[in-house]
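Student: need a structure here:
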Amino acid sequence: MFARDIMTSPVETIGEDQNVRRAIDIVNASRIGAVPVVDDKGQLVGIVTEGDLLRRISSAGGRRPVPNTRDRNDALADYIKARSWRIKDVMTTPVISALPTATITQIADLLLAHVIKHVPVVDAGRLVGMVSRSDLMHAIMNEPSSLVALGDDAIRTAVKARLETELAIGPANVQVSVQDGLASLHGDVETPMEREAARVAAESVPGVRGVHSDIQIARHMVSRMKPPA
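Tutor: You can find the predicted model right below:
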């Protein structure tokens, strides 16, 4: 699944020289939480987020004078961003964006890595849509059936592969059986955390309807974890 499949489109935009009040109106009306900023040619140049708008409230409270110190330029920049009514002054730039062909995994990585809530989708520099965290959640909950492994044998193979490739837990440690989409895990691992991770890995395989874990902690590890008498 790609950005083009889950993005909100079209998205209302705003110009660099427009008023912040217009951005607030768009956010309230669209409930997206961010407004892309475009230039006269429709190229994406920035984004105004709820965080940018809330900065006006948080910074306006103290009304502190700008200090005449070595950090004066930074303080002046903060002053302008907090007080200006022009979009160009308050918008976030550069913008973290994605191509329409970006996978939902790549979009999720961008959101997490940059601690943002929205990713504009651009094609040749022109805005074509926007993906939000809620769009991703909706995609996960409505994952198409074509992505679901068909048959118990296929699910068992997928679970075993995930345990081995992602957790380095091979069949010598944990055995997997699947019946009617219900996965059963048997074997020994080193720690309780490994046991929980194995359960989560199995649960996250498309097609798995439930997981029964009978994984035990290896005896030599149990004796180590016991507090001294």
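Student: Could you list every helix and strand in contact with the helix or strand hosting residue 78?
Tutor: According to DSSP states H and E, residue 78 maps onto helix 72-83. Counting contacts by 3 or more Cβ pairs under 8 Å, 6 or more residues apart in numbering; DSSP states H and E, helix 72-83 is packed against helix 50-60, helix 87-90. (Glycine included, C-beta is placed from N, CA and C.)
Student: Next, the buried residues of stretch 174-183.
Tutor: Residues 174, 176, 178, 183 are the ones in stretch 174-183 that count as buried (16 or more other Cβ atoms under 10 Å).
Student: Likewise for stretch 111-121?
Tutor: So, applying 16+ other Cβ under 10 Å, buried residues of stretch 111-121: 111, 116, 118-121.
Student: which residues are in contact with that stretch?
Tutor: Residues from elsewhere that reach stretch 111-121, judged by Cβ atoms under 8 Å, 6 or more residues apart in numbering: 3-4, 7, 9, 11, 32-34, 36, 44, 47, 49, 95-100, 102, 107, 110, 127-133, 136.
Student: which residues of the chain fall in strands?
Tutor: Ranges of strands in the chain, per DSSP state E, are 14-15, 34-38, 44-49, 118-123, 126-132, 174-179, 182-189, 210-217.
Student: Which one of those strands lies nearest to residue 78?
Tutor: Evaluated over the strands of the chain, closeness to residue 78 peaks at strand 44-49, with 16.4 Å, by Cβ to Cβ.
Student: Report the contact partners of the most centrally placed residue in the chain.
Tutor: Residue closest to the mean C-alpha point of the chain, counted by Cα atoms, centre = their mean, is residue 108 at 3.4 Å. Residue 108 makes contact with residue 136, according to Cβ under 8 Å, 6+ apart.
Student: Next one: it from residue 32, what distance?
Tutor: 18 Å (Cβ to Cβ, to the nearest Å).
Student: Show me the shaky parts of the chain.
Tutor: 57-67, 70, 142-150, 220-229 (pLDDT under 70).
Student: Return the list of helices and strands in contact with the longest helix along it.
Tutor: Longest helix in the chain, counting residues (DSSP state H): helix 152-167. Packed against helix 152-167 by the contact rule (3+ Cβ pairs under 8 Å, 6+ apart) you find strand 174-179, strand 182-189, helix 192-203.
Student: In terms of secondary structure, what does the shortest one contact?
Tutor: Counting contacts by 3+ Cβ pairs under 8 Å, 6+ apart, strand 174-179 packs against helix 152-167, strand 182-189.
Student: Residue 173 and residue 185 touch, don't they?
Tutor: No: using Cβ atoms under 8 Å as the test, residue 173 is too far from residue 185 to be in contact (10.1 Å).
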